[in-house]
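Peer 1: Need the 3D shape of this:
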Amino acid sequence: LDLKGFVAGRLVFHRPPGLHRKTDVKISADVTDASLQFKGFPLLIDQLSGHVFFDAMNNGPQKTARWQFTKLRGRHGDTKIFGQGSFDGLPHPGVLDLTVKAEQLALDSDLYGALADSQQDLWRLLEPSGLYDVTAKIDWTAVRGQKAVVTFPAETPVRIYNARIRPKPFPYAMDVEEAIVSFKTNDPDHSGVDYCNIQSFKASHKDAPIVGTGWAKHQSDGQWQVHFGHLTAKQLPPDDELRAALPDEWREILTRLHRRGRVSINDSELDFRGTPDHNNLNGDTDITAAWDMDLHLHDCTLSAGLDLERVNGRVTAVGSWNGEHLRNAGIIRLDSTRVLDMPLTKIRGPYTIEDAKLVLGAQEVLKSGKSTKVDSGSRVTAQAYGGTLFVDAVVDSRPGRGYLMFMELKDGLLQAFARDRLDETVKLQG
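Peer 2: Below you'll find the predicted structure:
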């Protein structure tokens, strides 16, 4: 513990009568003006005070020696720290059980340096800064080479607030209003890996609120995984910061979404995995991802061969990225948009993305030029001029590629077309 300071108390030494009897020792003392820096979690605590009780029984069938620490109070910088614990020195091996509580402790280099290597790896994944309230449970067995196990139990989770994170796999800066997390080393419930449970978080990006849950885990071989669940965000701007946070290969896809408008995310899942590239001298990590997203577009502009302007409505996206290839499929459920200045409503239908290739509706229609044998449910449909518009398209943004589109309108009303596109004096019927 590297405990230093002053002690005042009562020491009792008692040796029972008889041959070969040994002395029992009891100590009850108050500690003042002390410091503590446990080797297994070297966060310096000074201005330390509290009560220490020691009881060594040397004459029973089994020798025992027990330290108890109560009413511990101290400081780390400006932060008040409280604690209690015990150390059973006998029987061998000795066992330390120490609980430390702190409020308004800074997420800084002092804390980072006190963490175990695997915990530092998780720290680097999230790059946090700010304040936190914490209850840390420190367990250590006095065996040579044995490291202390530091956990942040789910029963007394860590509260992080007034903070900022920039997750390494998705470097999108977020201001954290509050996050509740717990951490276990070698968690038996999760295959013996270091596991961090994100019970909840409330954050924002440029005043756009973001909430959700999640978890992160780190394996001894360096592999890691970060998962965000029930992810909900309101009115995010599709700006350069979002583009910069994505892998290079994704940015081509996002260029289809212009910077106009806002995007909301509703009750979605986002998962990242990392595997160390041991052949890379820079220590880079191969990152893969998977997602199940429910996106709400507000007055956005999209490029799908033709520009879709004033887009409002929902788009689902389920897909994966294996480090080389992107696969995604989803359903379009837009309320309204304009294409070539033509108003469309109730836009419905499937789409897929394979790397830089976007497919709307049914490719079979594009190959044959006929739609009679294709199920209308496999095509993108919309309401236009009182009729139904069917759309099938392939858009490939790779160099030298282009787009192919097939559209047909059924039961459109000429009077609706005239009202929207022609002079009011022009009267059309049919």
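Peer 1: who's in contact with the nearest residue to Thr316 once chain neighbours are set aside?
Peer 2: Using C-beta to C-beta, 6 or more residues apart in numbering and skipping the chain neighbours, the partner closest in space to Thr316 is Gly330 (4.3 Å). C-beta coordinates here come from the backbone N, C-alpha and C atoms, glycine included. Gly330 sits next to 315-319, 350-352 when contact means C-beta atoms under 8 Å, 6 or more residues apart in numbering.
Peer 1: Look up how far Leu366 lies from Gly330.
Peer 2: As judged by C-beta to C-beta, to the nearest Å, Gly330 and Leu366 stand 19 Å apart.
Peer 1: which SSE is the residue nearest to Thr316 in?
Peer 2: strand 326-339 (DSSP states H and E).
Peer 1: ok, now Asp110?
Peer 2: helix 109-114.
Peer 1: Centre of the chain to that helix, how far?
Peer 2: Centre-to-centre, helix 109-114 and its host chain are 21 Å apart (C-alpha atoms, centre = their mean, to the nearest Å).
Peer 1: ok, and what's touching that helix?
Peer 2: So helix 109-114 is contacted by 41-44, 76-77, 105, 120, 123 (C-beta under 8 Å, 6+ apart).
Peer 1: again, but for stretch 10-26
Peer 2: So stretch 10-26 is contacted by 27-29, 53-59 (C-beta under 8 Å, 6+ apart).
Peer 1: Out of these, which end up buried?
Peer 2: Among the contacts of stretch 10-26, those classed as buried by 16 or more other C-beta atoms under 10 Å are 27, 29, 54, 56-58.
Peer 1: that older thread, which SSE is immediately downstream of the helix holding Asp110?
Peer 2: Past helix 109-114, the next helix or strand by DSSP H and E is helix 117-126.
Peer 1: pull the CA atoms of that next one into CSV?
Peer 2: Output of helix 117-126 as CSV, limited to C-alpha atoms (Å, rounded to 0.1, in the frame of the first residue of the first chain):
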residue,chain,number,x,y,z
ASP,A,117,-2.9,-2.5,-19.5
SER,A,118,-6.2,-3.9,-20.8
GLN,A,119,-8.1,-1.0,-19.2
GLN,A,120,-5.7,1.4,-20.8
ASP,A,121,-6.5,-0.2,-24.2
LEU,A,122,-10.2,0.4,-23.6
TRP,A,123,-9.5,4.0,-22.6
ARG,A,124,-7.6,4.6,-25.8
LEU,A,125,-10.6,3.2,-27.7
LEU,A,126,-12.9,5.9,-26.2
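Peer 1: Tell me which residues of it come out buried.
Peer 2: Across helix 117-126, burial judged by 16+ other C-beta under 10 Å covers 118-119, 121-122, 125-126.
Peer 1: Equivalent analysis for stretch 23-41, please.
Peer 2: 24, 27, 29, 31, 34-36, 38, 40-41.
Peer 1: coming back round to it: check the buried ones among the contacts of stretch 10-26 and tell me the two furthest apart.
Peer 2: Spanning the widest gap among the buried ones among the contacts of stretch 10-26 are Ala29 and Asn58, at 19.7 Å by C-beta to C-beta.
Peer 1: What is the neighbour count of Glu103?
Peer 2: 13 (other C-beta atoms under 10 Å).
Peer 1: If you drop the residues flanking it in sequence, what lies closest to it?
Peer 2: Excluding its sequence neighbours, the residue lying closest to Glu103 (C-beta to C-beta, 6+ apart) is Asp133, at 4.7 Å.
Peer 1: Tell me which other helices or strands the one helix or strand that neighbour maps to touches.
Peer 2: Asp133 belongs to strand 129-141 when elements are defined using DSSP H and E. Counting by 3 or more C-beta pairs under 8 Å, 6 or more residues apart in numbering; DSSP states H and E, the packing neighbours recorded for strand 129-141 are strand 95-106, strand 149-151, strand 158-165.
Peer 1: now the first one: mean pLDDT?
Peer 2: I take that to be strand 95-106. Here strand 95-106 scores 92 as its mean pLDDT.
Peer 1: just to revisit the earlier point, for the buried ones among the contacts of stretch 10-26, which one is nearest Leu389?
Peer 2: Once C-beta to C-beta is applied, the member of the buried ones among the contacts of stretch 10-26 that ends up nearest Leu389 is Phe54, at 84.6 Å.
Peer 1: Regarding the closest one, what is its secondary structure?
Peer 2: Classification of Phe54 by DSSP: H, G, I helix; E, B strand; the rest coil places it in strand.
Peer 1: measure it to Gly40 for me?
Peer 2: From Phe54 to Gly40 the distance is 21 Å (C-beta to C-beta).
Peer 1: Counting neighbours, which of the contacts of Gly330 end up buried?
Peer 2: Here, 16+ other C-beta under 10 Å leaves 315-317, 319, 350-352 buried among these.
Peer 1: Of these, which pair is most distant in space?
Peer 2: Gly319 and Pro350 (13.2 Å).
Peer 1: okay, and the common contacts of the two?
Peer 2: 329-330.
Peer 1: Going by neighbour count, list what's buried in stretch 39-51.
Peer 2: For stretch 39-51, the neighbour count (16+ other C-beta under 10 Å) marks 40-41, 43-46, 48, 50 as buried.
Peer 1: Show me what the mean pLDDT comes to for that stretch.
Peer 2: 90.
Peer 1: Tell me the gap between it and the middle of its chain.
Peer 2: 31 Å.
Peer 1: Do me a favour and get the end-to-end distance for that stretch?
Peer 2: 21 Å (C-alpha to C-alpha, to the nearest Å).
Peer 1: next one: stretch 87-105
Peer 2: 26 Å.
Peer 1: Just the residues contacting that stretch, thanks.
Peer 2: Residues contacting stretch 87-105 (C-beta under 8 Å, 6+ apart): 38, 45, 56, 62-67, 69, 76, 78-86, 111, 131-143, 148.
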